[in-house]
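Participant: Have a look at this prediction, sequence included:
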Amino acid sequence: MARLFGTDGVRGIANKELTAELAFKLGKAGAYVLTNETRHTPRILVGKDTRISGSMLEAALVSGICSVGAEAIILGVIPTPAVAYLVRKYNADAGVVISASHNPFEFNGIKFFNSKGYKLSDELEDRIEMIVKSGVEGLPVPVGEGVGTSSIMNTTLEDYVDFLKSTIDVDLKGIKIMVDCANGAAYKAAPRTFLELGADVTVINDTPDGLNINKECGSLHLESLCEKVRAVGADIGIAFDGDADRVLAVDENGEIVDGDKIMAVIGLDLKKAGRLAGDTIVATVMSNMGFEIFTKENNIKLVRTKVGDRYVLEEMLENGYVIGGEQSGHIILLEHNTTGDGILTALQLLRILKLTGRKLSELSSIVQILPQVIRNAKVSNEKKHKYLEDEVIARVCKELEAEFSNKGRVLIRPSGTEPLIRVMIEGSNIDYISEKAEELVKVIENRLS
């Protein structure tokens with residue numbers, strides 16, 4: 001059986017791969033592993049995004065938690081990073097989020113946070129997975145007064161918004177914001193936060209129906225937001241993904257400001273304030289070479305990790321760094337929260353906008369992005385990790401790497417959640433690198449489908 005836990009929890013098509021039965025077992029095993037050393041009734045927070053399958057999985061997950069004697073505190077629809085924060089605020093023993101982040105509505109996922117608000121280590125995930133696969137029947141089965149209970153927490157949104165507002169020292173009066181909530185978990189928290197700080201806010205994609213999360217909207221589909229920002233004369237557009245742990249921006253001209261540029265703007269501001277620990281920003285191998293050039297020009301050290309926010313976080317915690325993230329907009333600001341937080345990141349960007357009085361296009365121009373194309377090769381899920389073993393794929397990649405040496409990059413990697421291999425090529429000529437990326441995709445699909 002393949003490993004249950006991917007780069008961001010357990011994920012799959014709801015009711016097919018991620019079933020109610022599996023959710024029950026994950027709730028039971030997760031609650032046991034994360035709380036079996038507590039000397040009190042364990043308290044576990046449960047949040048979700050807006051997917052239609054969320055209620056089904058929530059019911060099963062909560063049942064699993066209660067079956068080992070823990071208390072499940074149901075938060076309802078709320079951003080993933082809110083759960084990470086609220087675990088700490090409420091002194092809970094763990095947190096669980098039911099979400100598939102940026103994936104289409106038919107997918108869902110389950111990811112855990114420990115009592116300090118951090119995603120789990122591989123070791124803890126392995127312990128949970130081992131119990132799920134070997135059978136949860138061996139776990140404690142309390143009866144009578146030992147059975148766990150569930151309750152609904154009604155102050156979570158207010159508490160999270162108050163926390164977000166406390167992370168900046170200015171109001172947002174005079175800033176015109178266009179917000180795309182992706183019909184996801186940010187649809188209440190984001191507009192409320194910006195409005196309470198005094199911004200002029202226009203909101204789109206804030207009417208979730210269970211089926212429209214991420215559908216042609218949000219941080220993966222910025223075309224509409226770019227047009228609307230120009231049309232209404234907004235100072236900035238802000239787009240979240242389904243669970244609001246990512247954010248991308250659009251400047252006043254309707255141009256995209258990606259995670260690399262957002263990290264550059266915030267990182268440079270931290271450096272000027274003397275708060276950029278180690279004068280270092282942590283990013284992944286996917287960050288653009290233009291971002292690397294920016295760091296060198298500004299005497300900032302760039303540390304690259306494997307793709308995945310967990311690897312970024314590990315590097316940050318190990319060395320005491322305060323900012324890191326991904327080009328996709330998943331940015332961790334450890335001064336404030338323990339995981340990527342889209343609304344929090346947007347606030348730090350808006351703060352700089354307000355204090356400097358500069359346009360976002362001017363602020364983000366400190367990074368000159370090298371043309372980059374990313375294509376997906378559709379492959380067998382069982383074969384997606386074998387690309388390094390294939391001689392033909394290896395030879396084609398080696399030839400491309402030699403061709404782009406010092407003038408670009410070639411990177412291929414398997415998706416952590418889907419049956420895809422992602423092909424990324426950077427270079428000076430967009431048409432040429434697009435052609436080469438398409439050729440490499442065909443080679444990979446022919447070899448690994």
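Facilitator: Now that the structure is in, tell me what you want to look at.
Participant: What are the phi and psi values at residue 174?
Facilitator: phi 90, psi 0 (degrees, to the nearest 10).
Participant: same question but for residue 61, I mixed them up
Facilitator: Backbone torsions of residue 61, given as degrees, to the nearest 10, read phi -60, psi -50.
Participant: quick one: it from residue 168, how far?
Facilitator: Applying C-beta to C-beta, to the nearest Å, the value for residue 61 to residue 168 is 34 Å. C-beta coordinates here come from the backbone N, C-alpha and C atoms, glycine included.
Participant: Tell me where the stretch 251-400 of the chain has strands.
Facilitator: 256-257, 280-284, 301-305, 323-325, 331-333, 372-378 (DSSP state E, counting those that start in this stretch).
Participant: By mean pLDDT, show me the worst of these.
Facilitator: When the strands of the stretch 251-400 of the chain are compared on mean pLDDT, strand 372-378 scores lowest, with a mean of 91.
Participant: pull the longest helix from the protein.
Facilitator: The single longest helix within the chain, with elements called by DSSP state H, is helix 430-448.
Participant: chain center to that one, what's the gap?
Facilitator: Here helix 430-448 shows a centroid-to-chain-centroid distance of 27 Å under the convention C-alpha atoms, centre = their mean, to the nearest Å.
Participant: ok, residues contacting that helix?
Facilitator: 371-380, 383-384, 386-387, 390, 392-393, 396-397, 400, 408, 410, 412, 421, 423-427 (C-beta atoms under 8 Å, 6 or more residues apart in numbering).
Participant: can you dump the C-alpha coordinates of it into PDB?
Facilitator: Output in PDB follows, covering the C-alpha atoms of helix 430-448 (Å, rounded to 0.1, in the frame of the first residue of the first chain):
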ATOM      1  CA  ILE A 430       9.900  32.300 -23.300                       C
ATOM      2  CA  ASP A 431       8.900  30.700 -26.600                       C
ATOM      3  CA  TYR A 432      12.000  28.500 -26.700                       C
ATOM      4  CA  ILE A 433      11.800  27.300 -23.100                       C
ATOM      5  CA  SER A 434       8.100  26.600 -23.600                       C
ATOM      6  CA  GLU A 435       8.900  24.400 -26.600                       C
ATOM      7  CA  LYS A 436      11.600  22.500 -24.600                       C
ATOM      8  CA  ALA A 437       9.300  22.000 -21.700                       C
ATOM      9  CA  GLU A 438       6.500  20.600 -23.900                       C
ATOM     10  CA  GLU A 439       9.100  18.200 -25.500                       C
ATOM     11  CA  LEU A 440      10.300  17.000 -22.100                       C
ATOM     12  CA  VAL A 441       6.700  16.500 -20.900                       C
ATOM     13  CA  LYS A 442       6.100  14.200 -23.900                       C
ATOM     14  CA  VAL A 443       9.200  12.200 -23.100                       C
ATOM     15  CA  ILE A 444       8.200  11.800 -19.500                       C
ATOM     16  CA  GLU A 445       4.600  10.800 -20.300                       C
ATOM     17  CA  ASN A 446       5.700   8.300 -23.000                       C
ATOM     18  CA  ARG A 447       8.100   6.700 -20.500                       C
ATOM     19  CA  LEU A 448       6.000   6.700 -17.200                       C
END
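Participant: Using neighbour counts, pick out the buried residues of it.
Facilitator: 432-433, 436-437, 440-441, 443-444, 447-448 (16 or more other C-beta atoms under 10 Å).
Participant: go on, stretch 3-16?
Facilitator: Neighbour-count burial for stretch 3-16 flags 4-12, 14 (criterion: 16+ other C-beta under 10 Å).
Participant: wait, what's in contact with the closest residue in space to residue 308 that isn't next to it in sequence?
Facilitator: Excluding its sequence neighbours, the residue lying closest to residue 308 (C-beta to C-beta, 6 or more residues apart in numbering) is residue 7, at 4.3 Å. Residue 7 makes contacts with 307-308, 310, 416-417, as judged by C-beta under 8 Å, 6+ apart.
Participant: can you list those in a markdown table and add neighbour count and pLDDT?
Facilitator: Shown next, in a markdown table, are those (neighbours: other C-beta atoms under 10 Å; pLDDT from 0 to 100):
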| residue | neighbour count | pLDDT |
| --- | --- | --- |
| 307 | 23 | 85 |
| 308 | 17 | 86 |
| 310 | 20 | 88 |
| 416 | 17 | 72 |
| 417 | 19 | 71 |
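Participant: Let me know the closest of the residues you listed to residue 215.
Facilitator: residue 417 (17.7 Å; C-beta to C-beta).
Participant: distance of the closest one from residue 254?
Facilitator: Residue 417 is 30 Å from residue 254, by C-beta to C-beta.
Participant: what's the first-to-last distance across stretch 358-371?
Facilitator: 26 Å (C-alpha to C-alpha, to the nearest Å).
Participant: Please work out which residues outside it touch it.
Facilitator: The contact list for stretch 358-371 (C-beta under 8 Å, 6+ apart) reads 235-236, 249, 251-253, 255, 257-258, 260-262, 264-265, 268, 288-291, 293-294, 298, 349, 352-353, 356, 408, 426-430, 433.
Participant: Now the buried members of those residues.
Facilitator: Among the contacts of stretch 358-371, the ones that count as buried by 16+ other C-beta under 10 Å are 235-236, 249, 251-252, 255, 257-258, 260-262, 264-265, 268, 288-291, 294, 349, 352-353, 408, 426-427, 433.
Participant: what ranges do the helices span in the stretch 201-350 of the chain?
Facilitator: 223-232, 259-272, 289-297, 309-319, 342-356 (DSSP state H, counting those that start in this stretch).
Participant: And the strands in the stretch 1-150 of the chain?
Facilitator: Taking DSSP E, counting those that start in this stretch, the strands of the stretch 1-150 of the chain run over residues 5-6, 9-13, 43-48, 71-77, 94-98, 107-113, 150-152.
Participant: list the helices and strands the fourth one packs on?
Facilitator: Right, the one you point to is strand 71-77. If you count contacts as 3 or more C-beta pairs under 8 Å, 6 or more residues apart in numbering; DSSP states H and E, strand 71-77 packs onto strand 43-48, helix 54-67, helix 80-89, strand 150-152.
Participant: What strands line up against that strand, and which way round?
Facilitator: When sheet partners are counted by DSSP bridges, strand 71-77 sits next to strand 43-48 (parallel), strand 150-152 (parallel).
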